[in-house]
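1. Just need the structure, nothing else, for what follows:
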Amino acid sequence: MAPHSGPEHDRSDLYTEAQRARRDESIWTLVQGILAPMQFLVFLISLVLVLRFLTTGLGYEAATWSILVKTGFLYLIMVTGAIWEKVVFGQYLFAPAFFWEDVFSFAVIGLHTAYVWVLFSGSMGPDGQMVVALAAYAAYVVNAGQFLLKLRAARLQAEGAA
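-> Take a look at the predicted model:
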């Protein structure tokens, strides 16, 4: 779906007026607003557990479960985010306003899924598994930063419209 043109949409704006209204009225906006900080909290706890295992050799099971919980949150936020994008922009993924965030989200999902694969396939030992998890977490931090920048842009746009 190409960006709209005309009086309702400035190409530098993140949302048209209609999209902003759909965003503000959608329950999926609230869902994303709840899931994102929950996922971040799970990430922080998991990161500590993974680093603890890598530095001390202790807590493999706790680290493993925390990564699986973090991955579950990621899958959930991706599905609900796609629904949000459909409601707001009319397509499930790769709306022009969030194209690069969605592209990078797939890298994040790919790395988390790679962790699940190496865990259940036994193709790597515990240390290797944790390194894959750390790569997934590094990508997640970049992706979260992308979304925080979009949130800031949306707030600036709203302030400019007021």
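2. can you map out the helices along this structure?
-> 17-25, 27-56, 60-89, 99-121, 126-161 (DSSP state H).
3. So which of the ones you listed is the most surrounded?
-> helix 60-89 (a mean of 18; mean count of other C-beta atoms under 10 Å). In this view, the C-beta of every residue, glycine as well, is placed from N, C-alpha and C.
4. That one vs helix 126-161, what angle?
-> Counting by axes from the mean of the first three to the mean of the last three C-alpha atoms, to 10 degrees, helix 60-89 points 30 degrees away from the direction of helix 126-161.
5. for helix 60-89, packing partners?
-> helix 17-25, helix 27-56, helix 99-121, helix 126-161 (3 or more C-beta pairs under 8 Å, 6 or more residues apart in numbering; DSSP states H and E).
6. Redo those as JSON lines? Include mean pLDDT and distance to residue 72.
-> Putting the helices and strands packed on helix 60-89 into JSON lines (pLDDT from 0 to 100; distance: least, C-beta to C-beta, whole Å) gives the following:
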{"stretch": "helix 17-25", "mean pLDDT": "94", "distance to residue 72": "25"}
{"stretch": "helix 27-56", "mean pLDDT": "97", "distance to residue 72": "9"}
{"stretch": "helix 99-121", "mean pLDDT": "97", "distance to residue 72": "9"}
{"stretch": "helix 126-161", "mean pLDDT": "91", "distance to residue 72": "13"}
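7. All set, thanks.
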